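Student: heads up, no residue letters with this:
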């Protein structure tokens with residue numbers, strides 16, 4: 001018998017417990033490391049807020065394409081001369097034809113009748129300013145269900161009937177209080193744009 005009063009069996013048990021605790025601690029630390037790393041944002045999550053480049057070379061007059069930025073749809077509409085001509089016609093029926101109510105919704109370079117850098121291209125976030133629904137494109141003019149007989153073309157929110165003209169400006173007496181937002185954007189070339197960044201920096 002040893003002078004500590006422990007039997008050989010007791011020593012073996014103690015050695016086993018110490019080894020087990022050490023191993024468990026190592027596993028626990030490894031598990032904690034994995035848990036902490038799981039809280040780190042993924043590359044995809046990081047990219048979700050980053051600016052997005054869009055090729056518009058294939059966009060024909062009268063056509064619209066949809067890009068995604070920050071998880072929201074961004075409409076890019078290439079307007080015809082006839083479409084642009086309707087913007088003056090619709091103004092008397094609009095809530096905010098000059099885009100003055102929400103300056104943060106329209107960058108300075110889009111603070112004009114067509115709400116864009118180049119009159120031809122409309123670039124807006126396709127989310128209704130009422131309850132966040134996504135309006136439908138109703139680009140063809142003329143009488144249609146849920147639209148007035150003098151419809152000039154634009155967008156209709158199917159949820160509560162808000163309507164927007166071809167510059168994404170909201171009509172009066174509709175649930176939506178404001179025009180659709182224009183995101184920061186800039187042209188990298190005649191056929192390529194970036195959404196989420198302009199000369200002043202990122203959004």
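Tutor: Thanks, I have it. Quick caveat: nothing in here was measured; it's all calculated off a predicted structure. Numbers count the residues shown, from 1 in each chain.

Student: what about the helices in the chain?
Tutor: Assigned helices in the chain, in chain order: 8-38, 43-48, 81-90 (criterion: DSSP state H).

Student: between those helices, which gets the lowest average pLDDT?
Tutor: With a mean of 42, helix 8-38 has the lowest mean pLDDT of the helices of the chain.

Student: partners of the residue lying closest to residue 138 once chain neighbours are set aside in the sheet?
Tutor: Once flanking residues are discounted, residue 138 sits nearest to residue 156: 4.8 Å by CB to CB, 6 or more residues apart in numbering. Every residue, glycine included, has its C-beta placed from N, CA and C. Per DSSP bridges, the residues bridged to residue 156 are residue 136, residue 163.

Student: got the contact list for the residue positioned nearest the centre of the chain?
Tutor: Nearest residue to the geometric centre of the chain (CA atoms, centre = their mean): residue 72, 2.8 Å. By CB atoms under 8 Å, 6 or more residues apart in numbering, the contact list for residue 72 reads 125-127.

Student: Any idea how many residues pack against residue 142?
Tutor: 10 (other CB atoms under 10 Å).

Student: Quick check: pLDDT value at it.
Tutor: 96.

Student: Was I right to think it contacts residue 148?
Tutor: No - applying CB atoms under 8 Å, one finds residue 142 not in contact with residue 148, separated by 10.0 Å.

Student: related to what we said a few turns ago, the residue nearest to the centre of the chain bridge partners, please.
Tutor: Residues in beta-bridge contact with residue 72 (DSSP bridges): residue 69.

Student: In this protein, where is pLDDT below threshold?
Tutor: Residues of the chain that meet the criterion pLDDT under 70 lie in 1-48.

Student: measure the nearest residue to residue 139 once chain neighbours are set aside to residue 83 for me?
Tutor: Setting aside the residues directly before and after it, residue 139 is nearest to residue 153 in space (CB to CB, 6+ apart), at 4.9 Å. Distance, residue 153 to residue 83, using CB to CB, to the nearest Å: 6 Å.

Student: try residue 131
Tutor: 27 Å.

Student: Residue 150 too?
Tutor: Residue 150 is 15 Å from residue 83, where distance means CB to CB.

Student: Between the two, point out the one with more neighbours.
Tutor: Taking other CB under 10 Å, residue 150 and residue 83 do not tie; residue 83 has more neighbours (24 against 11).

Student: That one - nearest residue in space that isn't next to it in sequence?
Tutor: residue 166 (5.0 Å).

Student: circling back to that earlier point, between residue 153 and residue 83, what contacts are shared?
Tutor: By CB under 8 Å, 6+ apart, the residues touching both residue 153 and residue 83 are 139, 166.
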